[in-house]
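Student: fold the following, please.
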Amino acid sequence: MSEPVDVYADQFQINFGPYGCSINFLVSSREPAAPGMVPPANRVATVRMSLEHLKIMTFMLRRQMMSYERSAAVQIQIPQQVLNALQIGREDWTECWRTE
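Tutor: Take a look at the predicted model:
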C-alpha cells in the first residue's frame, strides 16, 4: 500500500454524477491573476467517493466543526465577500450553522 498523501489546499471544486462525486483540492498559484481573470490554481489532490459517503462525511465535518467552536469558545467567521462569491445567502449560512 502506498504512503498517505499530505497536501495543503485553499480551494476546492466538487463534481457530481449519478453514482458519486469527485472533490478536487487546489492551491492558489504564486502568480497574481491578470485584471478581470480568475486567479490560477494548481490541483494537488482528487478524492472520489459515493454520494452516501459524501453525505455522511458532510454531516461529520459539520458536527466536528460545531464541537470545536463550542469547546474552544470561538466562532469562526466567514466574510460576506466569500459567501457572495460562492452564491451563499447569509440566511442560508446562518441556518446551516445555528445551534439549537
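
Student: so which residues make contact with stretch 44-64?
Tutor: With contact meaning Cβ atoms under 8 Å, 6 or more residues apart in numbering, stretch 44-64 is reached by 5, 7-9, 16, 19-27, 96. For every residue, glycine as well, the C-beta is placed using N, CA and C.

Student: now the spatially most central residue of the chain, what's its secondary structure?
Tutor: The centroid of the chain falls nearest to F12 when counting by Cα atoms, centre = their mean (6.0 Å). Secondary structure assignment for F12 (DSSP: H, G, I helix; E, B strand; the rest coil): strand.

Student: tell me the contacts of it?
Tutor: Per Cβ under 8 Å, 6+ apart, neighbours of F12: I23, N24, F25, L26.

Student: spit out the contact partners of the last one.
Tutor: By Cβ under 8 Å, 6+ apart, the contact set of L26 is A9, D10, Q11, F12, Q13, A41, N42, R43, V44.

Student: can you get me a residue count around S67?
Tutor: 10 (other Cβ atoms under 10 Å).

Student: quick check: domain ranges of the chain?
Tutor: 1-49, 62-100 (automatic domain parsing).

Student: which stretches in this structure count as helices?
Tutor: 51-72, 80-85, 90-97 (DSSP state H).

Student: which residue of the chain lies farthest from its centroid?
Tutor: Using Cα atoms, centre = their mean, the residue of the chain lying farthest from its centre is M1. It sits 27.5 Å away.

Student: any idea how far it lies from Q75?
Tutor: 40 Å (Cβ to Cβ, to the nearest Å).

Student: and for E69?
Tutor: 6 Å.

Student: quick one, which of the two is more surrounded?
Tutor: When E69 and Q75 are compared for neighbours, E69 comes out ahead with 14 against 9, by other Cβ under 10 Å.

Student: from P79, how far out is the more buried one?
Tutor: To P79, E69 is 17 Å away according to Cβ to Cβ.
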